[in-house]
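Undergrad: Below are the sequence and a predicted model; questions follow.
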Amino acid sequence: MHEMSVAEALIEQVAREVERLGCPGPVVRVDLAVGKLSGVHCDALRFALEMLAPGTVVEGAELRISEPPAKCCCRHCGAETELDEVVFCCPHCQSPAVRIEGGRELVLESIEVADDPPRRPEPSAG
């Protein structure tokens with residue numbers, strides 16, 4: 001499952017960004033765009049992140065995934081059709097003169113970090 005390597009790369013990218021920006025608080029939310037034609041299965045990616053997150057910068061963070069659609073644009077009949085899978089001809093007129101737009105994204109859109117770093121328990125006196 002290549003989603004495991006995608007999850008590892010995502011965690012590394014989030015850690016680099018948080019460090020680069022000097023954000024003190026923990027990451028509370030990560031927003032991703034995973035296009036329907038990207039080849040990444042969102043449920044498998046969620047599972048991989050759950051497995052890899054403990055002990056990392058994204059531990060406990062909410063993961064929000066948007067799934068931008070792909071669109072088939074036919075140069076023959078002008079039809080525009082939203083897609084869930086790759087097509088090689090127009091769903092309306094069967095012409096092979098199609099262009100696929102979007103749906104291939106795999107983008108880290110935003111990282112939300114808490115305003116305050118987590119507080120460590122103070123040692124008890126005694």
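TA: Looks like it arrived, so ask away. Computed from a predicted model, the values in this text were never measured in an experiment.

Undergrad: List the buried residues for the helix or strand hosting V6?
TA: Counting by DSSP states H and E, the element that carries V6 is helix 3-21. Going by neighbour count (16 or more other Cβ atoms under 10 Å), the buried part of helix 3-21 is E3, V6, A7, L10, I11, V14, E17, V18. (Glycine included, C-beta is placed from N, CA and C.)

Undergrad: Just put these in JSON lines and tack on distance to R29 and pLDDT.
TA: Listed next are these as JSON lines, based on distance: Cβ to Cβ, whole Å; pLDDT from 0 to 100:
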{"residue": "E3", "distance to R29": "20", "pLDDT": "94"}
{"residue": "V6", "distance to R29": "18", "pLDDT": "96"}
{"residue": "A7", "distance to R29": "16", "pLDDT": "97"}
{"residue": "L10", "distance to R29": "13", "pLDDT": "97"}
{"residue": "I11", "distance to R29": "14", "pLDDT": "96"}
{"residue": "V14", "distance to R29": "11", "pLDDT": "96"}
{"residue": "E17", "distance to R29": "13", "pLDDT": "94"}
{"residue": "V18", "distance to R29": "12", "pLDDT": "94"}
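
Undergrad: how about the strands in this structure?
TA: 27-34, 62-66, 70-74, 80-83, 98-101, 106-113 (DSSP state E).

Undergrad: now the chain, which segments are flagged as low pLDDT?
TA: Low-confidence segments of the chain, defined by pLDDT under 70: 1, 116-126.

Undergrad: how about a cut-off of 90?
TA: Within the chain, the ranges that satisfy pLDDT under 90 run 1-2, 21, 23-26, 83-87, 114-126.

Undergrad: And S5, how far from A48?
TA: Distance of S5 to A48, given as Cβ to Cβ, to the nearest Å: 8 Å.

Undergrad: Can you work out which residues contact both of these two?
TA: Residues touching both S5 and A48 by Cβ atoms under 8 Å, 6 or more residues apart in numbering: none at all.

Undergrad: thinking again about what came up before, tabulate the buried residues of helix 3-21 (TSV), appending distance to R104.
TA: Shown next, in TSV, are these (distance: Cβ to Cβ, whole Å):
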residue	distance to R104
E3	16
V6	14
A7	19
L10	17
I11	22
V14	21
E17	22
V18	27
